[in-house]
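Participant: Need a 3D model of the sequence below.
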Amino acid sequence: MKQIAILSGKGGTGKTTVAVTLSTIVRNKIMADCDVEAPNLNIILQGEIVEKYDFYGKETALIDKDKCVECGLCEELCRFNAISNFEVNPYYCEGCGLCMYKCPVEAIKMVEEKTGHVIYAKTKEGEKIVFAELFPGADGSGKLVTEVRKKAKEVAEEEEYLIIDGTPGIGCPVLASATGVDLVLIVTEPTLSGFADMKRVMSAIETFKVPVTVCINKWDLNKEVSEEIESYCAQNGIPVVGKINFDETVVKALKNLKSLKEYPESIAYRQILDMWENIKRILEERVVSQ
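Facilitator: This is a model prediction of the structure:
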């Protein structure tokens, strides 16, 4: 199964719009929404939940009041200021376990903390979607992304592709989304900030040795910066597999919670169709070279 991660250096570039459109174009695929802090892929695809289970992403210290002698050693030792008045603040606790190991009366233990949910859904057409919800303020987003990808592989059957809608930025969940994939598609926009953030993503994942491609969304709104992006990619051997025009149909589709496939006259839809053919060709060439 070929894995394709769709990333962006910043929010609002159109990454999820591209992912949703590809989900309607690509056959024999499973979708994974790895933007665990703000998953929205299933909102548009409108899948029905098949399975939902709890995710325990970290360990937190817990003080047994019956055993505690209130010596204050745990509060003194905690470098994260997570213990106050012999209570542990789970949002501050990093799960290092020092307080547990040093407690003279063994009144502290480490317990798993539920930090989110992993959800498996299916659309009316039988398309599979795996996504997650990280609780507000919770840690472990990278671990939760890994769990989403693991679940997607678990429920996959004859699917040929796993399409991953990653999170914006360059943090831990981005790295977890891109690790071990067959191709990365970076969706950028023709602004100086979009250009800079695209380069930051490339820098963050360069050690993965994964083929990187670029899509310039709304390229015609600033052709000068678009040309700079294309020039940079050409100099670094990075294929620009797609250039998508600004298309008001995209806004219309999002407002109506529909995919671009339902607007076949859309120029953006046709350009994403062409982009998919370019991506397939690169994947096929990689198989031949291996």
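Participant: Touching the longest helix that the chain contains from outside, list them.
Facilitator: The longest helix of the chain (DSSP state H) is helix 267-289. Applying CB atoms under 8 Å, 6 or more residues apart in numbering, the contact partners of helix 267-289 are 2, 4, 18, 21-22, 25-26, 182-183, 185, 211, 213, 215, 239, 241-245, 247, 249-250, 260-261, 263. C-beta here means a position set from N, CA and C on the backbone, and glycine is covered the same way.
Participant: Give me the buried positions along that helix.
Facilitator: By neighbour count on 16 or more other CB atoms under 10 Å, the buried set for helix 267-289 is 268, 269, 271, 272, 273, 275, 276, 279.
Participant: can I assume residue 160 is in contact with residue 30?
Facilitator: No. Under the criterion of CB atoms under 8 Å, residue 160 makes no contact with residue 30, lying 9.4 Å away.
Participant: Which members of the contacts of helix 267-289 are positioned in strands?
Facilitator: Taking DSSP state E, the ones among the contacts of helix 267-289 that sit in strands are 2, 4, 183, 185, 213, 215, 241, 242, 243, 244.
Participant: thinking again about what came up before, more neighbours: which of residue 160 and residue 30?
Facilitator: A direct count of neighbours by other CB atoms under 10 Å for residue 160 and residue 30 places residue 30 higher, at 24 against 12.
Participant: Contacts only, for the nearest residue to residue 176 once chain neighbours are set aside.
Facilitator: Nearest non-adjacent residue to residue 176, counting by CB to CB, 6 or more residues apart in numbering: residue 145, 3.9 Å away. Going by CB under 8 Å, 6+ apart, residue 145 touches 34, 36, 132, 167, 173, 176, 177.
Participant: got a pLDDT number for the third one?
Facilitator: Reading off the confidence values, residue 132 has pLDDT 94.
Participant: ok, now the first one?
Facilitator: At residue 34, the predicted lDDT confidence score is 93.
Participant: Where does the prediction get shaky in the stretch 1-150 of the chain?
Facilitator: Applying pLDDT under 70 to the stretch 1-150 of the chain picks out no residues at all.
Participant: cutoff 80 now
Facilitator: 137-140 (pLDDT under 80).
Participant: Tell me which stretches of it form strands.
Facilitator: Remark: strands assigned in the stretch 1-150 of the chain by DSSP state E, counting those that start in this stretch are 2-8, 29-33, 48-63, 83-84, 87-88, 108-122, 128-134.
Participant: Just give me the residue right at the centre of this protein.
Facilitator: Central residue of the chain (CA atoms, centre = their mean): residue 166, 2.5 Å from the mean position.
Participant: element containing the residue lying closest to that residue once chain neighbours are set aside?
Facilitator: In space, and not counting its chain neighbours, residue 166 is closest to residue 177: 3.7 Å by CB to CB, 6+ apart. Using DSSP states H and E, residue 177 sits within helix 172-178.
Participant: pLDDT of that helix, averaged?
Facilitator: Average pLDDT, helix 172-178: 89.
Participant: Which neighbouring elements make contact with that helix?
Facilitator: Judged by 3 or more CB pairs under 8 Å, 6 or more residues apart in numbering; DSSP states H and E, the packing partners of helix 172-178 are strand 2-8, helix 141-155, strand 161-168, helix 192-205.
Participant: returning to that earlier point: could you pick out the buried ones from the contacts of helix 267-289?
Facilitator: 2, 4, 18, 21-22, 25-26, 182-183, 185, 211, 213, 215, 241-244, 247, 249-250, 260-261, 263.
Participant: Quick one: residues contacting the residue of the chain positioned farthest from its centre.
Facilitator: Outermost residue of the chain with respect to the C-alpha centroid, by CA atoms, centre = their mean, is residue 69; its distance is 45.0 Å. Residue 69 is in contact with 104, 105, 107, counting by CB under 8 Å, 6+ apart.
Participant: same thing but at 10 Å, please
Facilitator: By CB atoms under 10 Å, 6 or more residues apart in numbering, the residues touching residue 69 are 86, 103, 104, 105, 107.
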